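S.K.: Requesting a structural model of the entry that follows:
(4 chains, ligands or ions: 4)
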Amino acid sequence: MPTLTLVQAVNDALKTAMRNDDSVVVFGEDVGPKGGVFLATEGLTSEFGEQRCFDTPLSEDGIVGTAVGMAMNGLRPVAEIQFQDFIFPAFDQIVSEAAKLRYRSGGQYTAPMVVRTPYGGGIRGGLYHSQSGEAYFCHTPGLKVVIPSTPADAKGLLIASIEDPDPVLFLEPKALYRAVKAEVPEGHYTTPLSTLRTVRKGTDVTVFCYGAMVPVCEKAAEQAAASGTECAIVDLRTLLPLDEEGVLEAAKQTGRVVVVHEAPRFCGFGAEISALIAENAIEYMEAPIARVTGFDTPFPNTLEHHYMPDHRRVLDAIEHVAAY
Amino acid sequence: MPTLTLVQAVNDALKTAMRNDDSVVVFGEDVGPKGGVFLATEGLTSEFGEQRCFDTPLSEDGIVGTAVGMAMNGLRPVAEIQFQDFIFPAFDQIVSEAAKLRYRSGGQYTAPMVVRTPYGGGIRGGLYHSQSGEAYFCHTPGLKVVIPSTPADAKGLLIASIEDPDPVLFLEPKALYRAVKAEVPEGHYTTPLSTLRTVRKGTDVTVFCYGAMVPVCEKAAEQAAASGTECAIVDLRTLLPLDEEGVLEAAKQTGRVVVVHEAPRFCGFGAEISALIAENAIEYMEAPIARVTGFDTPFPNTLEHHYMPDHRRVLDAIEHVAAY
Amino acid sequence: MTATQPVSVIEPDGTTQGHDPGLSDEGLLHAYRTMLTVRAFDDTCMKLQRAGRIGFSIPNKGIEATQVGAASALRRTDWLFPSYRDFGMALYHGVEPVEMMHNMYGNARDTSKGRQMPVHFSFLDPIHFYSISSPIGTHLPHAVGAAYAMKVRGEDKVALVSFGDGGTSSLGFHSGMNFAGVWKVPVVFLCQNNGWAISCPSEAQTASDGYAVKAMAYGMPGVTVDGNDLLAVRQVVSEAVERARAGEGPTLIEARTFRMGGHSTSDDPTRYVPAELLAEWEERDPVARFERYLEARGLWKPEDRDRLYAEAAAKVNAAAKEAEGVGPPALESIFTDVYADVPAHLRRQGQATFDLARRKGDAAAGDGEFPL
Amino acid sequence: MTATQPVSVIEPDGTTQGHDPGLSDEGLLHAYRTMLTVRAFDDTCMKLQRAGRIGFSIPNKGIEATQVGAASALRRTDWLFPSYRDFGMALYHGVEPVEMMHNMYGNARDTSKGRQMPVHFSFLDPIHFYSISSPIGTHLPHAVGAAYAMKVRGEDKVALVSFGDGGTSSLGFHSGMNFAGVWKVPVVFLCQNNGWAISCPSEAQTASDGYAVKAMAYGMPGVTVDGNDLLAVRQVVSEAVERARAGEGPTLIEARTFRMGGHSTSDDPTRYVPAELLAEWEERDPVARFERYLEARGLWKPEDRDRLYAEAAAKVNAAAKEAEGVGPPALESIFTDVYADVPAHLRRQGQATFDLARRKGDAAAGDGEFPL
Ligand SMILES: Cc1ncc(C[n+]2csc(CCOP(=O)(O)OP(=O)(O)O)c2C)c(N)n1
Ligand SMILES: Cc1ncc(C[n+]2csc(CCOP(=O)(O)OP(=O)(O)O)c2C)c(N)n1
Ligand SMILES: [Mg+2]
Ligand SMILES: [Mg+2]
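M.R.: Numbers count the residues shown, from 1 in each chain, chains lettered A, B, ... in the order given. Ligands and ions are numbered 1, 2, ... in the order given. As a prediction, the model looks like this:
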């Protein structure tokens, strides 16, 4: 099995899907000859031609809006938004159109499409090249939201998203694009959406996380283990529709929960995890449900390492709930 | 004291603010001669002239974007978005610009402005004239989010919002626009932001709600009282920045909590209330933290009365947590 | 390429200087009957709304010729991306009034399953009449994307997308027009300039000299046409459709017309529409204009109008009656079509809804088991 | 109104057919020195970035004449709404390189308090140089709103907003231009067509014939100017500024120029810019063009360039050294300026951050009490 970085796995997934299905088209800003600013689409135009991988004008509204039109008429568009921070001009097209099309037309028209975009901090990108906007989208019925944290998942989940009959927002943790290399199966395979990944087993504390926070939590869990606290780590992978049963089960197993994400805390995705547990499994809880998150401020630049949860902050929360 | 409907109180607030401060300007689609589709801006153009209350082209991006520019240059814009469902084209201007301007410029440029918009169901508006999008905005540091539920609060909170140094999203429960008449003080007064309103005292269950859900919860609480369960009702009024201390205190007082909103449940505002309590007061909880919300579907039309929480659903949840 | 003087065909007296409409006599009468059906539909819905039988409706008086003329330039294999004021296009291609009435009532047979407001139609047959969305302008990029698919597959199809003067200010107008120009896809943009965006007159919508000129910003031809002249609309749309089919890319057409009623049944246009202006346009009624043409061709006599209108109205009224007799959508319809499959959390929410209904003795619960 | 043939003033040999630049000799030399300072700033930042001292920079080679020519048409009471490639405008009006370097280092004296990426400047003095945002095009409506305030207060001010060819596809372009046209506000839209939006060439950005023609869609004049000709840019911007001051409304100016470097320090333009095209534009270097003009006026000799460049570079290098010596922003700067006052929840988050830093022995905690 080849070992690939996460961004190479994304590239591999796109190539695999395009080879498999002529209707898959890839487009966005600079995805053609330049291969995308992170090189996720490198080589696609040369292999598949300009009709299947091409640059667009600088309009996210246009990118997503035309993707909806292509999707309803038989293509399988995979649109790239250059940074998740720049997806907001397309918010209306995603939330009002892609997500609601099947419902409002009683299933007559549908939008099977993927919007891929790199998200998160760690590249000194300041306010507008660092955001984690998943919660904005997870409040949107009709949409699916997927975030991989390993190269193998990136490929399997992306192919599954492309083949999914519903619109999928596929958020790629840019901090992990080149951080790790790992084995990725060749050829076509899918990782089912709406399934959790158990990163680590443990009986004392359950840590829920996703994307770039997964390795941070792993490091914290190792340190916790060194002082005798065994953490289970659950990589949520698909945030919407979430495997709620799986989350509740994992929470019940330890009775102590830490939820971790980079995005601001207030109304962040972590709130939903806490609320789910507080509504359905509070009697199992032996400690407060802790959240370790970005602050409720815009994303800073120079001090981003203080803003982003690191293993120290996660460990602190683990120790807190473990000792409660 | 005159008795006014909620929409009349909004109109009164606008007039009061405009009389008080020449820099206040009101604009949006159809707010001029027509007086707004709900008549919230009736009479403003004739009293204050076309430079201070005027119609705009059909572009929410332009409405909010120009408001930001006016605000940074000394005006106090109060922009209307005709329905909250149509605010999404302005999402980028609100989330990326208005909310982040002070932060990114180190305070050199600021955007003291209000975006007013009617939200919520109850008028058979289907998918696109019924939504409650507050959670989309409450995840946005730098923004304030305010929702009144009475005529007096509508006026006091709106004037406070217009005078606030930061951008405020002011969501008006359209189902209540003409549902009630109540006494509203004349002339200038403000209701401070980030304060809760105790609608009803009670020792058994605490119900958190806002906007059009307040009267629904009141009705449920009356029925609960009839069978011996006394509910406290807290109208959150300002969702961001939330009076978190006040929420925790109210939750602790009964140890049994129900959170109610019209918006979909998943990643809705209720999740934040649950999570706050689960993080800071779980040891006081004697029952699951229940949420009564819209479903995780787009907003339907014919069956909207099944979609929107009614007193029966709220009462059911009250009974559930009270009996736990 | 951009003509500010609108193209017109039918003279005030009904003559046309030998213009070939490209329609048989029966075709011309079909177009006429369609316009009458639009009027009958409007009249009926207005009455139903005033009587509280339906919640809302959107009148079309004044713009029937634009709708029907444009629709007549399409084949049934083409796609229509309509605005909420365009159901005349569906009628022209054979959608039955009763199918529309199911939507007006939001009943169980509504294609949208009672989820959308009235006048938000969606049809697949006999022509793709794309599901109408309330947010203005979002459907322009959809038409462009659908046309891109037609182009890459080498299909002989076009997409026609229709929107109002207000719609030109929307985001979708800018991105849709721009992408269409760059991609050279087979799409026709039809801007129905009916003078108003609710209460906003055109001069407060844009400072440009009309709307067709906006085509220049996107490198495509722009054409202005008299929107109250069915044959002129048919002609310019046909030309644009032929260009699109020939691979020559998109066209923007501005049809100048006038909304002779309120924006909707909720609107009181007397608050803002000058009475003289309305009177002026009433003189140019598009149906009367077409009648003069038919009369000049010997296809119509004044006494035909009442009879044909009555026929149309009878059909519409029967449709309303039928739709009114259909019950509301089933309770579970709230939870379906969110995704292709109903996910676990929606199943739970559905079951809880059924449970509550049953406990409260609400018939909507059926047997109380969420059926999905 | 729309001229596709770009306005130019300086002939290839440096002569101008008696054009009056409206600047003193000292003013002309100030413009020249500003262009050299832009180059020196670029060169220094490129080295600093390659050496890992700063994270990112945006080069301006090729477009200096557009920036400086445009800036020279403004008064210091006017407002500038720049793009990230426009700091030459700030330099021209007297912003010191060291103030910019504080931003490049994101240090405690950065006006953005280390929150923004490099090249995202914000200044109030000596001219309003509006806080640069990364999202493309969002600042156009801001300029229009600010200009509306100028207009209603009857001020003798204008707003100049600058953006790229790519920026014309953005939402803000459409809404900003449209509102400006309808409101007739004193704003000048400067589209710097530098040939590329990162790797996207103009022909893939729009099908229109250049960018100035887009003005017609909004009912305002559009002018095309040779962006490598400082005096031509100065002239057309001055004319637009005068129109704006006179209450005649907005103008769109397209300055045709060429980005002679990468999009940013992260970009490798050889992947997509044809070498011949670059070579062609290097012939038209705007600094050399202006030097020939100064020379023809007897204000410049070839040996002056190195000396003046060295002076500029020395100042820029000293600025970099000074900025590098300034420490990072204080930890509490994460929590301030979110709102005018720090709300309770941010106070708590700040205190928790200080507590953790102290417990972990991190100097950032200061004395460990959140000071706000
Ligand atoms: C994005 C958005 N903003 C506002 C509205 C509210 N609204 C509905 S119709 C309308 C006016 C549309 O005018 P126009 O495009 O000219 O179409 P017409 O109704 O005249 O056919 C407005 C503002 C909306 N539906 N969508
Ligand atoms: C809304 C948005 N989308 C994408 C980007 C990423 N991006 C940064 S610069 C750029 C190209 C801008 O090109 P142009 O407007 O021509 O300006 P130039 O860089 O050539 O000066 C892109 C796509 C962004 N900053 N904002
Ligand atoms: Mg109109
Ligand atoms: Mg450019």
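S.K.: Just confirm yes or no for the helix or strand hosting residue C:142 near chain B.
M.R.: Residue C:142 is part of helix C:139-152 when elements are defined by DSSP states H and E. No - Helix C:139-152 stays clear of chain B (C-beta under 8 Å from any C-beta of the partner chain), getting no nearer than 12.5 Å. For the C-beta atoms, the positions are set from N, CA and C on the backbone; glycine is no exception.
S.K.: Summarise which helices and strands that helix is packed against.
M.R.: helix A:60-72, strand C:79-81, strand C:159-164, helix C:171-183, strand C:187-193 (3 or more C-beta pairs under 8 Å, 6 or more residues apart in numbering or on different chains; DSSP states H and E).
S.K.: Check the residue sitting nearest the centre point of chain A and give its pLDDT.
M.R.: Most central in chain A under C-alpha atoms, centre = their mean is residue A:147, positioned 1.8 Å from the mean C-alpha point. With respect to pLDDT, residue A:147 has a value of 98.
S.K.: Who are the contact partners of it?
M.R.: A:119, A:134, A:170-173, A:210-211, A:236-239 (C-beta atoms under 8 Å, 6 or more residues apart in numbering or on different chains).
S.K.: ok, so of these, who is nearest chain D?
M.R.: Distance to chain D across the contacts of residue A:147 (C-beta to the nearest C-beta) is lowest for residue A:119, with 14.6 Å.
S.K.: I'd like the distance between that closest one and ligand 1.
M.R.: Using C-beta to the nearest ligand atom, to the nearest Å, residue A:119 is found at 27 Å from ligand 1.
S.K.: With distance to chain C added, can I get the contacts of residue A:147 in TSV?
M.R.: What follows is the contacts of residue A:147, written out as TSV (distance: C-beta to the nearest C-beta, whole Å):
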residue	distance to chain C
A:119	23
A:134	17
A:170	16
A:171	19
A:172	22
A:173	24
A:210	18
A:211	21
A:236	14
A:237	15
A:238	10
A:239	12
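S.K.: from those residues, which would you call buried?
M.R.: Neighbour counting with 16 or more other C-beta atoms under 10 Å in any protein chain shown marks A:119, A:134, A:170-173, A:210-211, A:236-239 as buried within the contacts of residue A:147.
S.K.: filter the contacts of residue A:147 by proximity to ligand 2?
M.R.: For ligand 2, no contacts are drawn from the contacts of residue A:147 by C-beta under 6 Å from any ligand atom.
S.K.: Sort out for me which of those are in helices.
M.R.: residue A:134 (DSSP state H).
S.K.: Next up, the contacts around residue A:101.
M.R.: Contacts for residue A:101 (C-beta under 8 Å, 6+ apart) come out as A:68, A:72, A:109-111, A:142, C:131.
S.K.: try residue A:44
M.R.: Counting by C-beta under 8 Å, 6+ apart, residue A:44 touches A:11, A:14-15, A:18, A:26, A:31-32, A:35, A:52-53.
S.K.: re the thing from before, now flag whichever of the buried ones among the contacts of residue A:147 is closest to residue B:312.
M.R.: Among these, residue A:239 lies closest to residue B:312 (C-beta to C-beta), at 31.3 Å.
S.K.: For ligand 3, see how far away that closest one is.
M.R.: Using C-beta to the ion, to the nearest Å, residue A:239 is found at 40 Å from ligand 3.
S.K.: how about the helix or strand hosting residue C:307: buried residues?
M.R.: According to DSSP H and E, residue C:307 maps onto helix C:302-325. Neighbour counts over helix C:302-325 (16+ other C-beta under 10 Å) mark C:304, C:308-309, C:312-313, C:315-317, C:319-320, C:322-323 as buried.
S.K.: so how far is that helix off the chain centroid?
M.R.: On the basis of C-alpha atoms, centre = their mean, to the nearest Å, helix C:302-325 sits 20 Å off its chain's mean C-alpha point.
S.K.: Give me the contact status of that helix with chain A.
M.R.: No - using C-beta under 8 Å from any C-beta, we find that helix C:302-325 stays clear of chain A, coming within 15.5 Å at best.
S.K.: what is the mean pLDDT for that helix?
M.R.: 97.
S.K.: So which other helices or strands are in contact with that helix?
M.R.: Partner elements for helix C:302-325 (3+ C-beta pairs under 8 Å, 6+ apart): helix C:25-50, helix C:97-105, helix C:286-296.
S.K.: relative orientation of that helix and helix C:25-50 in degrees?
M.R.: 50 degrees (axes from the mean of the first three to the mean of the last three C-alpha atoms, to 10 degrees).
S.K.: which one of the helices and strands packed on helix C:139-152 lies closest to residue B:289?
M.R.: helix A:60-72 (35.8 Å).
S.K.: Next, the angle from the next helix or strand after that closest one to helix C:139-152.
M.R.: Going down the chain from helix A:60-72, the next helix or strand is strand A:76-80, by DSSP H and E. Between strand A:76-80 and helix C:139-152, the angle comes out at 120 degrees (the same axes, to 10 degrees).
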